[in-house]
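> what follows is a predicted protein model with its sequence.
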Amino acid sequence: MANIGTDILLAKQLLERGGVIGIPTETVYGLAANAYDEVAVSKIFDIKQRPKSNPLILHIHRIEQMTDLVKEFPMQAEKLAKHCWPGPLTLLLPKKLIIPDVVTAASEKVAIRIPNHPITLQLLQALSFPLAAPSANPFGYISPTTPEHVQEQLGEQIPYILAGGACEVGVESTIVGFENEQPVIYRLGGLRVELIEEIVGPAVFATKNIALGAFIEKPAAPGNFLQHYSPKKPLKLGVMSELLERYRHKKVGILVFDKYYEEIDKEQQILLTPSSNLEEAAHNLFAALRKLDQLPVEIILSTYVPNIGLGRTINDRLVRASAR
Ligand code: TXA
Ligand code: MG
């Protein structure tokens, strides 16, 4: 099993020797390796059982590092970065040769962000290379938001998990590219589209599946598969009264937005946000899905949440989690 701790020096040493470790970020826990070391990066794919066609995000600590990594840093992209970094924003930009193909799945573009987590920022400052890190879950499963989530699933395969508490944001970063200085959203995430638009103007969506919360099958970004973030148990989305009627012969677990269903045993329900706050719901979403997956139920039921702000991201994840 992996050790869980807060030893930044040990984390640094393991990474410098080509190791793969768990790291905290404000969005979800990452599975990190030296981005310049192809062998180390390959280990990430093996551990996650992730297809090599699915590129990884680079994590840096200073905006000045962008000069080493990208060929162009469009004005609007830089403006957005200055507003939002460190934070749940990933920029997709033309890459320089220094970044190995294994990181970007041979794409000309690279995804980069500065995570907003004090421990990981300290670690990144101590390193002479960026960290490539996907979410620290087996491919397709729910992303981890605590060190224990990482331990449960990947603990056997990594030596160390740098602990940084429960992730504040709780859903992955928003991925944004630029075309002719216009923002293009590749993945909904922890940064609200509305805020992006306030800073850099109207955004377009890379494909309809993102604009509509993943209703259409075509992947928007490589690796942005429709089925993703999935519990092992089937998850059904819709109007709760109809779902309850349809699955009345099954043992159901319910993901509840802001108010328990009175006719149903509370033990079968996990409440996201008693105060109807979408940030709080996002913060609790993945842990709630994991709990439901572990309850003695056959099927998980959920409604959509209000489709604004982080609600759009939550709906996107729910649609993907329910796709089979
Ligand atoms: O919040 C996050 O972004 C977390 C934390 C750990 O930073 N990371 C994360 O990584 O969610 P991951 O690997 O689970 O998702 C990365 C996604 C890929 O599935 C792909 O859709 C997109 O980012 N991506 C990465 N590099 C890309 C590239 N070069 N071109 C297009 N899409 C890319
Ligand atoms: Mg992931």
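Arrived safely. Ligands and ions are numbered 1, 2, ... in the order given.

> in the sheet, who's paired with residue 141?
When bridges are called by DSSP bridges, residue 141 pairs up with residue 230.

> what's around it, how many residues?
21 (other Cβ atoms under 10 Å). For the C-beta atoms, the positions are set from N, CA and C on the backbone; glycine is no exception.

> just to check, it is in contact with residue 150?
No - contact criterion Cβ atoms under 8 Å: residue 141 and residue 150 do not qualify, at 11.6 Å.

> could you check how far residue 136 is from residue 29?
4 Å (Cβ to Cβ, to the nearest Å).

> name the SS class of residue 53, please.
coil (DSSP: H, G, I helix; E, B strand; the rest coil).

> what number of residues are in the vicinity of the nearest residue to it once chain neighbours are set aside?
Among residues not flanking residue 53 along the chain, residue 105 sits closest, at 5.1 Å (Cβ to Cβ, 6 or more residues apart in numbering). Residue 105 has 15 neighbours, counted by other Cβ under 10 Å.

> in this structure residue 105 contacts residue 57, no?
No - using Cβ under 8 Å, residue 105 makes no contact with residue 57, being 11.9 Å away.

> what's the distance between stretch 190-205 and the middle of its chain?
The chain centre lies 18 Å from the centre of stretch 190-205; the measure is Cα atoms, centre = their mean, to the nearest Å.

> one more: stretch 259-273?
26 Å.

> next one: stretch 54-65
The chain centroid and the centroid of stretch 54-65 are separated by 14 Å under Cα atoms, centre = their mean.

> show me the strands in the stretch 151-300 of the chain, by range?
With DSSP state E, counting those that start in this stretch as the criterion, the stretch 151-300 of the chain has strands at 160-162, 174-179, 182-187, 204-205, 235-237, 252-256, 269-271, 299-302.

> same list, those, but as CSV with mean pLDDT, mean neighbour count and distance to residue 12 please.
What follows is the strands of the stretch 151-300 of the chain, written out as CSV (pLDDT from 0 to 100; neighbours: other Cβ atoms under 10 Å; distance: least, Cβ to Cβ, whole Å):
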stretch, mean pLDDT, mean neighbour count, distance to residue 12
strand 160-162, 98, 26, 10
strand 174-179, 97, 22, 28
strand 182-187, 96, 20, 29
strand 204-205, 93, 14, 39
strand 235-237, 96, 19, 39
strand 252-256, 98, 24, 39
strand 269-271, 98, 19, 37
strand 299-302, 98, 24, 40
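
> so which of those is nearest residue 89?
strand 174-179 (5.9 Å; Cβ to Cβ).

> so what does that closest one touch, helix or strand wise?
helix 75-84, strand 89-94, strand 182-187, helix 193-200 (3 or more Cβ pairs under 8 Å, 6 or more residues apart in numbering; DSSP states H and E).

> for the last one, buried residues please.
Along helix 193-200, these residues count as buried under the neighbour rule (16 or more other Cβ atoms under 10 Å): 193, 195-196, 200.

> that one vs strand 182-187, what angle?
Angle of helix 193-200 versus strand 182-187, following axes from the mean of the first three to the mean of the last three Cα atoms, to 10 degrees, is 160 degrees.

> same question, the second one
Angle between the axes of strand 89-94 and strand 182-187 is 110 degrees (criterion: the same axes, to 10 degrees).

> which residues does strand 89-94 contact?
The contact list for strand 89-94, computed with Cβ atoms under 8 Å, 6 or more residues apart in numbering, reads 57, 66, 70-74, 77, 80-81, 108-113, 173-178, 186-187, 189, 191, 196, 221.

> quick revisit: in JSON lines, list the helices and strands packed on strand 174-179 along with distance to residue 167.
Output for the helices and strands packed on strand 174-179, formatted as JSON lines (distance: least, Cβ to Cβ, whole Å):
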{"stretch": "helix 75-84", "distance to residue 167": "17"}
{"stretch": "strand 89-94", "distance to residue 167": "15"}
{"stretch": "strand 182-187", "distance to residue 167": "17"}
{"stretch": "helix 193-200", "distance to residue 167": "19"}
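
> which regions of the chain sit below the pLDDT cut-off?
Across the chain, the ranges flagged by pLDDT under 70 are 208-225.

> is the lengthiest helix in it anywhere near ligand 1?
As assigned by DSSP state H, the longest helix anywhere in the chain is helix 278-294. No - contact of helix 278-294 with ligand 1 (Cβ under 6 Å from any ligand atom) is absent, the minimum separation being 11.5 Å.

> what residue in the stretch 51-200 of the chain comes nearest to ligand 1?
residue 134 (2.8 Å; Cβ to the nearest ligand atom).

> I'd guessed that residue sits against residue 43; true?
No - using Cβ under 8 Å, residue 134 makes no contact with residue 43, being 12.0 Å away.

> and the two? Which one has more around it.
The residue with more neighbours, out of residue 134 and residue 43, is residue 134; 22 against 18, by other Cβ under 10 Å.
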